[in-house]
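# let me see the structure of the following:
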Amino acid sequence: MALKIRLARGGAKRRPFYRIVVAQSTAPRDGAFIERIGSYNPMVDHGHPDRLKIDADRAKHWISVGAVPTDRVARFLATVGLGETPALPEQTKKNQPRAKAQERLKEQAALAEKAAAEKAEAEAAAEAAAAPAEEAPAEAPAEAAAEAPAEEAAEAEKPSA
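Numbering: from 1, shown residues only. Modelled structure (predicted):
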């Protein structure tokens with residue numbers, strides 16, 4: 001007898017409510033179950049304590065007996081601290097665009113990179129053109145100051161007539 005810990009749906013149309021139950025793997029989703037060990041109400045806010053209720057002791061017992069939780073219930077048990085979060089399954093390629101659309105996206109990305117590179121080069125050139133113009137006036141007074149003491153020293157060496 002293979003046991004599963006899974007969700008059994010209840011509630012009205014568009015107002016879901018789930019019971020976390022232990023049932024035989026061959027039993028229908030909303031059919032017979034062995035024990036109810038919790039509930040999940042997705043209509044309640046995430047932080048609300050009534051959103052997820054699990055009897056941890058009973059869940060531990062059923063897992064030790066050999067009941068296997070479904071992926072969703074395993075996530076719930078991980079939030080309560082009764083196991084590790086299962087890895088998300090890898091998505092198929094059906095959710096990706098077709099080949100021609102992917103080619104167009106690659107071309108657009110290449111054009112965007114090229115435009116960004118050209119813009120960066122233009123900004124660098126503008127900065128380079130502005131930098132020497134600013135440095136030239138700063139260097140001129142320094143050169144004049146360096147030449148002035150040399151002229152004074154030359155005049156001091158000349159004999160006065």
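
# am I right that Pro89 sits in a strand?
No. Pro89: not assigned to a strand; according to DSSP: H, G, I helix; E, B strand; the rest coil it is coil.

# that one: neighbour count?
7 (other Cβ atoms under 10 Å). The way it works is simple: take the backbone N, C-alpha and C, and place the C-beta from them, glycine included.

# please apply the same query to the one 3 residues further on.
Thr92 is flanked by 7 other residues according to other Cβ under 10 Å.

# and His48, by the same measure?
By other Cβ under 10 Å, the residues close to His48 number 10.

# then Ala126?
10.

# before we move on, what about the one 4 residues further on?
Residue crowding around Ala130 was assessed by other Cβ under 10 Å; the count is 10.

# same thing with Trp62?
Trp62, neighbours per other Cβ under 10 Å, totals 20.

# that one and Ile34, how far apart?
Look at Trp62 and Ile34: by Cβ to Cβ, to the nearest Å, they are 8 Å apart.

# what touches both of the two?
Leu3, Val22 (Cβ atoms under 8 Å, 6 or more residues apart in numbering).

# element containing Asp57, please.
For Asp57, the host element (DSSP states H and E) is helix 56-65.

# make that Ala110, sorry
Element membership of Ala110 [criterion: DSSP H and E] is helix 99-157.
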